[in-house]
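Colleague: Sequence plus predicted model, see below.
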Amino acid sequence: MSADYTVQGSVAVITLNNPPVNGLGLETRTAAVNAVQQAERDAAIKAIVITGAGKAFSGGADIREFNSPKALTEPTLHTLIRVVEDCSKPVVAAIHSVAMGGGLELALGCHFRVALPGAQIALPEVKLGLLPGAGGTQRMPRLVGLEMALNMVVSGAPVLSEKLAGTKLFDQVFPAGTDLLAAAVEFAGKVADLRPLPKVRDREVDYPNHEGFIAASRESVKALAGPFPAPLECVETVAASITMPFEDGLKFERERFLHLMATPESKAQRHAFMAERAASKVPDMPSDTPVRSIAGAAVVGAGTMGGGIAMNFANAGIPVTLLETRQEALDKGLATIRKNYENTVRKGKLTQEKAEQRIALVKGTLDYADIAQADIVIEAVFEDMGVKEAVFKQLDAVMKPGAILASNTSTLDLDRIAAFTNRPQDVIGLHFFSPANVMKLLEIVRGKQTGKDVLATALALSKKIKKLGVVSGVCDGFIGNRMLEQYLRQAYFLLDEGALPEQVDAAIEKFGFAMGPFRMSDLAGNDVGWYIRKRRAVESPHIAYSKSADLLCEGGRFGQKTGAGWYDYKAGDRKAYPSALVNDMIVRHSHDLGLKRRAIPDSEIVERLVYALVNEGAKILEEGIAMRASDIDMVYLSGYGFPLHRGGPMFYAESVGLPKLLEAVRKYAGGRHGEAWKPAALLERRAAEGKGFNG
């Protein structure tokens, strides 16, 4: 976690060395400042090269120091950049692989920059609700122009170094395969005697009619930024590079950076960033746990879910065999996969050649013997324990020793499923979300006997197929659907009491959810929940539900797939139209229950839906079903459309304040169906202690 100092002739080489991406933590910053000063003092040194060890020049700030005093301890990144810029000897940044955020800002403070092609150049701070805070908004426009700099800062998207070769950002982009360090040292030797040393701060930003461009950018960014303040602040700060002297622009940048740091939106985005990285860490699973090889996969069931799961493997270059019981179902599944790929090609997101390569990786079969040699098999059949039992007994009989047997169950007891086999240590839950080839979340369900190597393999596989794997223990519904159950119960109770589907959906969508509960149910299929409620009526008859959802299903209104659900739908149109028929049914049902309907404020709708999630989440946390509160947040951010700017249900609860939230839960516990609001013991305890769920 430092910077190494070596000498090659008259050139000092400072190598940032803080794996994995040479984050600019306090130790690295200190070592780098000391190294520059050492080179400055040594009369034999004529020039300096700064580069990065391993797989990056520098990825920017060290995320391990986020929200800690170290991030602001001297020497700060500002200080390091000033030391580099003010050095009396030329400093050359030798960039390879990755130069992002503060790493790129350090390079911008150097007198010269050379690079290899293929390096990812980015200022991605906007993705954390921030803006570049160490001169990036002021120096970048001076090198790549106002327009390109604005696009890079507002989007945070990486640009390959060769695409920037024609700008003033790089003094030289070497050919691929060049020994970067040797070439950079040679370059440093050539500029060793050049004076005065060029400083980016001394350049002017040249953009005719910049006022018009900035005004237009302001309007377009405002329209796309939604609830996030950072993109618009990025526009204003980049604009300062042309409207203010450099030092004033730098001061303005710092002010806006500190302002954004304090916003709830940035706090939520930074929480999500850290939570995503924490999700793969399992406390009782050593980091060197062996991982099984996954060279071939199989999926049982070629329906919408099974086909989507198969596409994930094909996208990752892993051959996959799709197993069905009927040729007609298999043909339909394979045809849907081809159609999905063709749609992607038509949208320009995939070449025809790559689509054909992926389609070729998916084979179909009606015979279990054809999947026997797969390294992993995922069952994606009907959500019924009897059906799962038949499949897993068959898999146990045919699959090779060491194969991982996975279930895509969304609610059923994984330990019971594992008990249908003679190898429960090889059984794990891999709960994909629909559409499985698109949705980022993968709930990894760890059974009582699931082997640690199987869990480690599942987490590694989730990364390979570009999913966010979140580990859950075994319970009815796991993390996501168990919490969703309470959310939906409240949504249906609200209908009985006076709300209509369109009001509930509008209120929660205004809060920021991607989709309200009724539009979501219509998309997923109302019959899915109906089937689960029927099972729960037998297994847990004490749990009360509104009958409105059952009445809907008894009328055959299963959602978009039948052209009618909570809403009406038109052929070829996915837009949800309020249904007079359904709304009349809801009003009649309230009357049949003897309930006087009332006007329900949107604030109550949001509280009841979100606080129901939080209260159940606290129970899940206390039971150890989820390892950490941030895992629950990641499930809801990446799988259930919870608004990112609110950070997930558990983080949002902390921002509201647990005592205030508990007070509301207790109030609802005293009302109709109050049994649904029994406060979680963990919520009561943490509220009393003045603590949050995350610590």
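Modeller: Sure, I can see it.
Colleague: quick one: the strands in the stretch 501-650 of the chain?
Modeller: Here the stretch 501-650 of the chain has its strands, by DSSP state E, counting those that start in this stretch, at 567-570, 573-578.
Colleague: just the stretch 101-250 of the chain next, same as before
Modeller: 112-115, 120-122, 159-160, 172-173.
Colleague: quick one on the thing from earlier: comparing the strands of the stretch 501-650 of the chain, which stretch has the densest surroundings?
Modeller: Using mean count of other Cβ atoms under 10 Å, the stretch among the strands of the stretch 501-650 of the chain with the greatest mean number of neighbours is strand 567-570 (a mean of 16). (Glycine included, C-beta is placed from N, CA and C.)
Colleague: Just name the shakiest helix or strand of this protein by mean pLDDT.
Modeller: Lowest on mean pLDDT, DSSP states H and E among the helices and strands of the chain sits helix 526-539, with a mean of 83.
Colleague: tell me which residues in that helix are buried?
Modeller: The neighbour-count check on helix 526-539 (16 or more other Cβ atoms under 10 Å) flags 526, 527, 528, 529, 530, 531, 532, 533, 535, 536 as buried.
Colleague: helices and strands around it, which ones?
Modeller: Contact partners of helix 526-539 among helices and strands, from 3 or more Cβ pairs under 8 Å, 6 or more residues apart in numbering; DSSP states H and E: helix 548-554.
Colleague: let's see 10 Å
Modeller: helix 480-497, helix 517-524, helix 548-554 (3 or more Cβ pairs under 10 Å, 6 or more residues apart in numbering; DSSP states H and E).
Colleague: Tell me what angle the second one forms with strand 573-578.
Modeller: Think helix 517-524. On the basis of axes from the mean of the first three to the mean of the last three Cα atoms, to 10 degrees, helix 517-524 is oriented at 140 degrees to strand 573-578.
Colleague: now swap in the longest one and tell me
Modeller: Per the same axes, to 10 degrees, the angle that helix 480-497 makes with strand 573-578 is 40 degrees.
Colleague: tell me the mean pLDDT for helix 480-497?
Modeller: Per-region confidence: helix 480-497 scores 96 on mean pLDDT.
Colleague: Would you mind confirming that residue 548 makes contact with residue 488?
Modeller: No: the pair residue 548 / residue 488 is not scored as a contact, 11.2 Å apart, by Cβ atoms under 10 Å.
Colleague: circling back: so can I have JSON lines of the buried residues of helix 526-539 showing distance to residue 480?
Modeller: Formatted as JSON lines, the buried residues of helix 526-539 follow (distance: Cβ to Cβ, whole Å):
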{"residue": "526", "distance to residue 480": "18"}
{"residue": "527", "distance to residue 480": "19"}
{"residue": "528", "distance to residue 480": "14"}
{"residue": "529", "distance to residue 480": "14"}
{"residue": "530", "distance to residue 480": "19"}
{"residue": "531", "distance to residue 480": "17"}
{"residue": "532", "distance to residue 480": "13"}
{"residue": "533", "distance to residue 480": "17"}
{"residue": "535", "distance to residue 480": "18"}
{"residue": "536", "distance to residue 480": "17"}
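Colleague: low-scoring stretches of the stretch 101-250 of the chain, by residue?
Modeller: For the stretch 101-250 of the chain, applying pLDDT under 70 flags no range at all.
Colleague: Same question for the chain.
Modeller: 1, 695.
Colleague: Residue 463: neighbour count?
Modeller: The number of residues packed near residue 463 is 13, by other Cβ atoms under 10 Å.
Colleague: ah, wrong one, I meant residue 339
Modeller: When neighbours are counted by other Cβ under 10 Å, residue 339 comes out with 11.
Colleague: Dihedrals phi and psi, it?
Modeller: Note on residue 339: its backbone torsions stand at phi -60, psi -40 [degrees, to the nearest 10].
Colleague: Kindly report the same for residue 91.
Modeller: Main-chain torsions, residue 91, degrees, to the nearest 10: phi -110, psi 120.
Colleague: Now distance to residue 244 and mean neighbour count too, for the helices and strands packed on helix 526-539, in CSV please.
Modeller: Formatted as CSV, those follow (distance: least, Cβ to Cβ, whole Å; neighbours: other Cβ atoms under 10 Å):
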stretch, distance to residue 244, mean neighbour count
helix 480-497, 48, 22
helix 517-524, 47, 23
helix 548-554, 59, 19
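Colleague: And residue 125, how close does it get to residue 260?
Modeller: Distance of residue 125 to residue 260, computed by Cβ to Cβ, to the nearest Å: 9 Å.
Colleague: Touching both of the two, which residues are there?
Modeller: Shared contacts of residue 125 and residue 260, defined by Cβ atoms under 10 Å, 6 or more residues apart in numbering, comprise 131, 133, 230, 234, 266.
Colleague: correct me, but the second one touches residue 252?
Modeller: When you say that, I think you mean residue 133. No: Residue 133 lies out of contact with residue 252 (Cβ under 10 Å); the separation is 11.3 Å.
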